[in-house]
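[1] Whatever this is, show me its structure:
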Amino acid sequence: MSYSTVETSVLTVIRKHADFDTDNVLAGSASAIKKGLNRVVRVLRGGHRQEQVTLDSYRHVWTVNLDVYVPWKGKNDTLEADLATETQKVIDTLHEYPRLEASAGVTRAEVLNANQPDPLVNRNGRYRGQRLFLEVHEIVTPARAE
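    So this is what the prediction gives:
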């Protein structure tokens, strides 16, 4: 499996929540922020590592960064509440699909942690966000053993 397959699976699962769709959950793009939406999730490539499991199988571990943004209304107390609400929606939705809807080879996907307490700020300052770190594990059997 490739990162693009993992990314597509993550996008599909997050969009299963009623508040998220193709307009506000995007891979890499910040274009949704320019539209003034109430919530935005950017799915970004993180790290990757490979571990040998048996002589002929490997575990790929993909880290996917999920940046959850909400509009900045000028008050920290509402910002924290809004971010908490939106990030919890993402976490809960991903927990409902621990194998990313049975995506090929995925053995588990879990949110490890979130950056705290400093929120992300987009370039124009109208949004603030929080980064979640999703770790996706998959088992791969190489086509050819060396």
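[2] which SS state does the nearest residue to residue 112 once chain neighbours are set aside fall under?
    In space, and not counting its chain neighbours, residue 112 is closest to residue 133: 4.8 Å by CB to CB, 6 or more residues apart in numbering. (Each C-beta comes from the backbone N, C-alpha and C, glycine too.) Assigned state for residue 133: strand (three-state reduction, DSSP: H, G, I helix; E, B strand; the rest coil).
[3] Residue 133 contacts residue 109, correct?
    No: look at residue 133 against residue 109 with CB atoms under 8 Å: they stay out of range, at 11.4 Å.
[4] Sheet-wise, list the partners of the least confident helix or strand in the chain by mean pLDDT with their directions.
    Counting by mean pLDDT, DSSP states H and E, the chain has its least confident helix or strand at strand 120-121, which shows a mean of 75. Next to strand 120-121 in the sheet, as set by DSSP bridges, lie strand 127-140 (antiparallel).
[5] buried sites along the partner strand?
    By neighbour count with 16 or more other CB atoms under 10 Å, strand 127-140 contains the buried residues 127, 128, 129, 130, 131, 132, 133, 134, 135, 136, 137, 138.
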